[in-house]
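>>> No letters, just coordinates:
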């Protein structure tokens, strides 16, 4: 097993040993590899391989698979093209990365996209894409490149748009600062609903340091995140979008307000009463927002 793992890690340049008992890497075919060894585990090496079967490259593909409706897909495509900031939320294996890839396919071809990930997973179907991944420390404990550093460096690479594979810790603060400066972007986050995703985005930046307080973070989240897409893995194994919410930018009692755009009713994703922010951006991109969100629109 040790020899097999070393062969699988050879192409990634990463290692697993007593000083670094965990490793996360990508195999040449795009599969995700995760290994944990004793004495972290009780006795055996635990090797997990997640194979990604590409079933969707665009939002239209997700409509065909039943993940979301045509109206919701058309709205999300317009929102991405108009430069709104999108947060994709969901649990493990809910299809967050696939959703992020499909949303990225709606980015105008002339834009330069910079991606930051733990390991390479995103496959952005654009010509001008700069992709970066984290690096584990060397045997001497030096040379580590965390996700937070990648987000900071991305801002120096003249991006038109920044995409972060997943925010888990203090890098959420750097992403919020980037989005709040007028740079469009997208990312994923583990959360059980759109509301919980926003709440988590209000708490993760506090890990960046004692000088970061909620009085700064909460209004920054309200002004930085525009759309939240919540996806879930159903019991029958299908992946569906359960809700799409907008963040109008208002804060009431340290709570960020959200407005439901699309919600699940009777197993179907239907239009709700909410309205997204930045109507002028849709108009500049050539979209008629009231027509996109009209009840009964196909």
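That came through fine. Everything numeric in this text was worked out from a predicted model, so none of it was measured.

>>> ok, residues contacting stretch 195-213?
Contacts to stretch 195-213, defined as CB atoms under 8 Å, 6 or more residues apart in numbering, come from residues 87, 89, 167-170, 172-174, 176, 189-191, 214, 217-218, 220-221, 225, 228, 230, 245, 247, 256, 258. In this view, the C-beta of every residue, glycine as well, is placed from N, C-alpha and C.

>>> of those, buried ones?
Neighbour counting by 16 or more other CB atoms under 10 Å classes 87, 89, 167, 170, 172-174, 176, 189-191, 217-218, 220-221, 225, 228, 230, 245, 247, 256, 258 among the contacts of stretch 195-213 as buried.

>>> how far does stretch 262-279 sit from the chain's center?
Its chain's average C-alpha position is 20 Å from that of stretch 262-279, according to CA atoms, centre = their mean, to the nearest Å.

>>> now the strands for the stretch 101-250 of the chain?
For the stretch 101-250 of the chain, applying DSSP state E, counting those that start in this stretch gives strands covering 113-117, 129-133, 161-164, 185-190, 227-233, 239-246.

>>> as a whole number, average confidence for the helix or strand just after the last one?
Following the chain from strand 239-246 toward its C-terminal end, the next helix or strand by DSSP states H and E is strand 251-252. Here the mean pLDDT over strand 251-252 is 92, rounded to a whole number.

>>> same for strand 251-252, what does it pack against?
Applying 3 or more CB pairs under 8 Å, 6 or more residues apart in numbering; DSSP states H and E, one finds that strand 251-252 contacts helix 214-224.

>>> Show me what counts as buried in stretch 246-258.
Buried residues in stretch 246-258 (16+ other CB under 10 Å): 246, 247, 248, 249, 256, 258.

>>> can I get those residues in TSV with distance to residue 77?
Conversion of these to TSV gives the following (distance: CB to CB, whole Å):
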residue	distance to residue 77
246	16
247	19
248	21
249	22
256	25
258	21
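
>>> Of these, which one scores lowest on pLDDT?
residue 249 (91).

>>> Surely that one and residue 225 touch.
No. Counting by CB atoms under 8 Å, residue 249 sits too far from residue 225 to count as a contact (9.2 Å).

>>> rewinding a little: for residue 103, find the nearest of the strands of the stretch 101-250 of the chain.
strand 185-190 (6.1 Å; CB to CB).

>>> where in the protein is pLDDT low?
Applying pLDDT under 70 to the chain flags the ranges 54, 295-298.

>>> any idea how far residue 97 is from residue 231?
10 Å (CB to CB, to the nearest Å).

>>> In terms of neighbours, single out the busier of these two.
Between residue 231 and residue 97, counted using other CB atoms under 10 Å, the more crowded position is residue 231 (23 against 20).

>>> Now the more buried one. Nearest residue, chain neighbours left out?
Distances taken as CB to CB, 6 or more residues apart in numbering put residue 90 closest to residue 231, at 4.1 Å, once the chain neighbours are dropped.

>>> Can you name the residues bridging to the one you found?
Beta-bridge pairing of residue 90 under DSSP bridges involves residue 190, residue 231.

>>> Surely it touches residue 100?
No. In this structure, residue 90 is not within contact of residue 100 by CB under 8 Å, at 10.5 Å.

>>> any common contacting residues for those two?
In contact with both residue 90 and residue 100: residue 188, using CB under 8 Å, 6+ apart.

>>> quick revisit: any idea how far the residue nearest to residue 231 lies from residue 197?
Residue 90 is 9 Å from residue 197, by CB to CB.

>>> Same question for residue 240.
Remark: distance between residue 240 and residue 197 (CB to CB) = 16 Å.

>>> With neighbour numbers in mind, choose between the two.
Just comparing residue 240 and residue 197: by other CB under 10 Å the higher neighbour count belongs to residue 197, 24 against 21.

>>> got a list of what residue 176 touches?
By CB under 8 Å, 6+ apart, the neighbours of residue 176 are 201, 205, 217, 220, 221, 224.
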